[in-house]
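Peer 1: how would this look folded up:
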Amino acid sequence: MQKKVHYHSDCPFFAGCESMLVNFWMSEFIRQRFEVSFSYRASALYEQGLNARSHINFPVYPLVFPELSKPTLLPQKLPLFLKRVIFFFIRLVSTLPLLGYQIWRLWRLFRRLKPDLIHINNGGYPAALSARAAVIAAKFAGIDHVVMVVNNMAIDYRRFSRWWEYPIDRFVARTATKFVTGSIAAGNQLQHVLRLPANKVQAIHNGIMRRDTTESLIETRKRLGLEAFDGVIFGVVAVMDPRKGHQVLLDAVRYILQQRDTKSLFKILIEGDGPLRSTLEDFVIANQLVEHCIFVGTETHVMNLMAVLDVVILPSVSHEDFPNIVLEAMAFSKPVIASQIAGTSEQIIDGETGLLVEPRNIKQLATAFETLLLDKKLRARMGELAQQRFQKHFIADVSVSKYVSLYQSIITE
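Peer 2: Numbering: from 1, shown residues only. Have a look, this model is predicted:
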C-alpha cells in the first residue's frame with residue numbers, strides 16, 4: 001500500500017523555490033512510491049505560474065486565506081515611519097487570529113486526508129503564516145511526520161518585529177520532524193536562529209530539469225536586435241528589487257567604461273521587472289550606458305534568452321540561498337559571475353566553473369566581468385566544466401532521490 005505525502009506551499013507567486021515541487025510531481029520515482037496531494041494559499045498570480053509550469057493529475061486544494069493589510073494601502077500622505085508603526089500594530093493585533101483561522105482550515109484538511117507525511121514548501125524563515133500554521137495543524141491532526149523546507153537565510157531576532165514571533169517559532173521548532181534547506185549555509189543559519197539540534201536540519205541541494213528553448217538562436221537574437229552584434233553578451237535574470245544587486249552591476253559597468261574603451265565589446269541583457277526598474281533605467285540613461293544595457297522585459301521562455309548569453313551574472317547583495325538561475329546557467333554551459341552569498345559557493349567552483357565576488361564590491365565585480373569579457377577560451381572552459389558539474393550534482397533526479405530517502409527514513413522511524 002502506498003504511503004501518502006501531502007505538499008503545502010504559501011508563496012505570492014510561483015517563484016524559484018516552487019520549482020522543486022514540480023520536480024516531485026513529475027518524478028515517477030515519487031509517484032510509484034507515494035500517493036500525492038497538494039494544498040496552497042490561492043492567488044491568481046500563483047495559479048498562473050502553477051498552471052504554466054506543471055500538469056497536475058492528483059488532488060489539489062486551493063485555500064483562500066485573509067491577508068494582512070499592507071503599508072501601501074495606508075494614505076499616501078502619512079510619513080513612511082508612521083506607516084511602518086501602524087502596520088506593525090496591525091500585524092500584532094491580527095496575526096494570531098489569522099494564524100488560528102489558518103490552523104483550523106488546515107487541521108480540517110489534514111484530518112480528512114490523513115497523510116503519512118506533510119512536506120511544507122517555503123521561502124525563508126520566518127515562514128509564510130500558513131506554512132507555520134501547517135506545522136501546528138499537523139500536530140493537532142495527529143500527523144507525526146512533518147518536513148519543513150526553508151529556501152532562504154533565516155532572520156534572527158535582532159529586529160524588534162521578530163520578537164513577538166518567538167513563541168510561534170519555538171512551537172514550530174519542536175514540532176517539525178526535520179528542516180531541510182537548499183544549502184549548507186542556510187542550514188547553519190536556521191540551526192542557529194531556531195536553536196535546533198544538528199540532527200534536525202539537513203541540507204539537500206535543489207535540482208532542476210533542464211528546460212529547452214522554444215525558438216532558434218537566430219530567431220532570439222533577431223527578436224532582441226542582436227543579429228549583427230558579434231561581441232560578448234552578459235545577462236541578468238532576476239526580479240528588479242534591491243536584494244538582487246542590479247545597481248552594483250551598473251556601477252561596475254560605469255567603472256569599467258571609465259577605465260578603458262570597451263564600447264563595442266559587450267552588451268548586458270537585463271531580464272525581468274520589479275519596483276526598481278524605472279530607477280535602473282533612469283540610471284542607465286543618465287550615465288550613458290544605453291548602448292551597453294538593454295532592458296528586455298519579462299521573457300516568457302527564459303531559456304531562449306539563456307541560449308543567447310555568453311555569461312550569466314547574479315550580483316545579489318542579500319536574501320539568497322541556492323538560486324535556480326545559477327543552475328539554469330550551468331545546465332546551458334554558461335559560466336556565472338555571482339556574489340559569494342549563502343549557497344552560491346556550493347554551486348560555483350570559483351575560478352573553475354565561474355567567478356565569485358564579494359557582495360557590493362564594485363571593483364571586484366568589474367574585474368571578474370573584464371576577465372570573462374576578454375578571454376573567450378576561459379569562458380568556454382568554464383561553461384563546459386559548469387555543465388559537467390550540473391549533470392553530476394544538480395539534475396532534478398539527484399535531489400528527488402535524496403528527498404525520497406528522507407521521506408522513507410522518517411516514515412520508517
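Peer 1: give the burial count for residue 292, as a bare number.
Peer 2: Neighbour count for residue 292, taken as other Cβ atoms under 10 Å: 21. Where C-beta positions appear, they are placed from N, C-alpha and C, glycine not excepted.
Peer 1: then residue 358?
Peer 2: For residue 358, the count of nearby residues is 12 (other Cβ under 10 Å).
Peer 1: surely it touches residue 338?
Peer 2: No - using Cβ atoms under 8 Å, residue 358 makes no contact with residue 338, being 11.1 Å away.
Peer 1: helices of the stretch 301-413 of the chain, start to end?
Peer 2: 302-308, 324-331, 344-347, 362-373, 376-393, 396-412 (DSSP state H, counting those that start in this stretch).
Peer 1: pLDDT weak spots in the stretch 201-350 of the chain?
Peer 2: Low-confidence segments of the stretch 201-350 of the chain (pLDDT under 70): 262-263.
Peer 1: do the same with the stretch 51-200 of the chain
Peer 2: Where the stretch 51-200 of the chain drops to pLDDT under 70, the residues are 68-78, 80-94.
Peer 1: adding distance to residue 284 and mean neighbour count, write the helices of the stretch 301-413 of the chain out as CSV.
Peer 2: Output for the helices of the stretch 301-413 of the chain, formatted as CSV (distance: least, Cβ to Cβ, whole Å; neighbours: other Cβ atoms under 10 Å):
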stretch, distance to residue 284, mean neighbour count
helix 302-308, 18, 19
helix 324-331, 21, 25
helix 344-347, 26, 22
helix 362-373, 16, 20
helix 376-393, 24, 16
helix 396-412, 37, 16
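Peer 1: wait, which of those is closest to residue 56?
Peer 2: Nearest to residue 56, of all the helices of the stretch 301-413 of the chain, is helix 396-412, at 16.9 Å by Cβ to Cβ.
Peer 1: show residues contacting that closest one.
Peer 2: The contact list for helix 396-412, computed with Cβ atoms under 8 Å, 6 or more residues apart in numbering, reads 3, 5, 20, 23-24, 26-27, 29-30, 33-34, 116-117, 119, 145, 147, 177-178, 180, 202, 204-209.
Peer 1: just the buried members of these?
Peer 2: Among those, the ones that count as buried by 16 or more other Cβ atoms under 10 Å are 5, 20, 23-24, 26-27, 29-30, 34, 116-117, 119, 145, 147, 177-178, 180, 202, 204-208.
Peer 1: and whatever helix or strand residue 295 lives in, which strands flank it?
Peer 2: Here residue 295 sits within strand 293-297, counting by DSSP states H and E. Here strand 293-297 is paired, per DSSP bridges, with strand 266-271 (parallel).
Peer 1: okay, the angle between the strand it pairs with and helix 362-373?
Peer 2: Computed with axes from the mean of the first three to the mean of the last three Cα atoms, to 10 degrees, the direction of strand 266-271 lies at 110 degrees from that of helix 362-373.
Peer 1: okay, the following helix or strand past strand 266-271 in PDB with CA atoms only?
Peer 2: Using DSSP H and E, the helix or strand that directly follows strand 266-271 along the chain is helix 277-286. What follows is helix 277-286, C-alpha atoms only, in PDB (Å, rounded to 0.1, in the frame of the first residue of the first chain):
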ATOM      1  CA  ARG A 277      13.000  49.100 -13.000                       C
ATOM      2  CA  SER A 278      12.400  52.800 -13.600                       C
ATOM      3  CA  THR A 279      15.200  53.800 -11.300                       C
ATOM      4  CA  LEU A 280      17.600  51.500 -13.000                       C
ATOM      5  CA  GLU A 281      16.500  52.700 -16.500                       C
ATOM      6  CA  ASP A 282      17.000  56.300 -15.400                       C
ATOM      7  CA  PHE A 283      20.500  55.500 -14.100                       C
ATOM      8  CA  VAL A 284      21.400  53.900 -17.500                       C
ATOM      9  CA  ILE A 285      20.200  56.900 -19.400                       C
ATOM     10  CA  ALA A 286      21.900  59.400 -17.100                       C
END
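Peer 1: quick one: helix 277-286 to chain centroid distance?
Peer 2: Helix 277-286 sits 25 Å away from the centroid of its parent chain (Cα atoms, centre = their mean, to the nearest Å).
Peer 1: same deal with stretch 253-272?
Peer 2: For stretch 253-272, the distance to the chain centre is 27 Å (Cα atoms, centre = their mean).
Peer 1: now do stretch 200-215
Peer 2: How far stretch 200-215 lies from its chain's middle: 11 Å, per Cα atoms, centre = their mean.
Peer 1: and the end-to-end length of that stretch?
Peer 2: 45 Å (Cα to Cα, to the nearest Å).
Peer 1: same check on stretch 205-225?
Peer 2: End-to-end distance of stretch 205-225 (Cα to Cα): 37 Å.
Peer 1: next: stretch 337-348.
Peer 2: Counting by Cα to Cα, you get 9 Å between the two ends of stretch 337-348.
Peer 1: repeat for stretch 315-328
Peer 2: Start-to-end span of stretch 315-328 (Cα to Cα) is 16 Å.
Peer 1: from residue 256, how far out is the nearest residue to residue 387 once chain neighbours are set aside?
Peer 2: Distances taken as Cβ to Cβ, 6 or more residues apart in numbering place residue 333 nearest to residue 387, at 4.1 Å, with adjacent residues excluded. For residue 333, the distance to residue 256 equals 25 Å [Cβ to Cβ, to the nearest Å].
Peer 1: now do the contacts for residue 106.
Peer 2: Here residue 106 is in contact with 8, 39, 63, 130, 133, 134, 137, 138 (Cβ under 8 Å, 6+ apart).
Peer 1: can you mark which positions in whichever strand or helix holds the first one are buried?
Peer 2: Secondary-structure assignment from DSSP H and E places residue 8 in strand 3-9. For strand 3-9, a neighbour-count test (16+ other Cβ under 10 Å) marks 4, 5, 6, 7, 8, 9 as buried.
Peer 1: so how far is stretch 151-160 off the chain centroid?
Peer 2: In terms of Cα atoms, centre = their mean, the centre of stretch 151-160 is found 16 Å from the chain centre.
Peer 1: just the endpoints, please. Distance across that stretch?
Peer 2: 23 Å.
Peer 1: then stretch 15-29?
Peer 2: This stretch, stretch 15-29, spans 24 Å end to end (Cα to Cα).
Peer 1: and that stretch, how far out from the chain middle?
Peer 2: Averaging C-alpha positions (Cα atoms, centre = their mean) puts stretch 15-29 13 Å from its chain's average.
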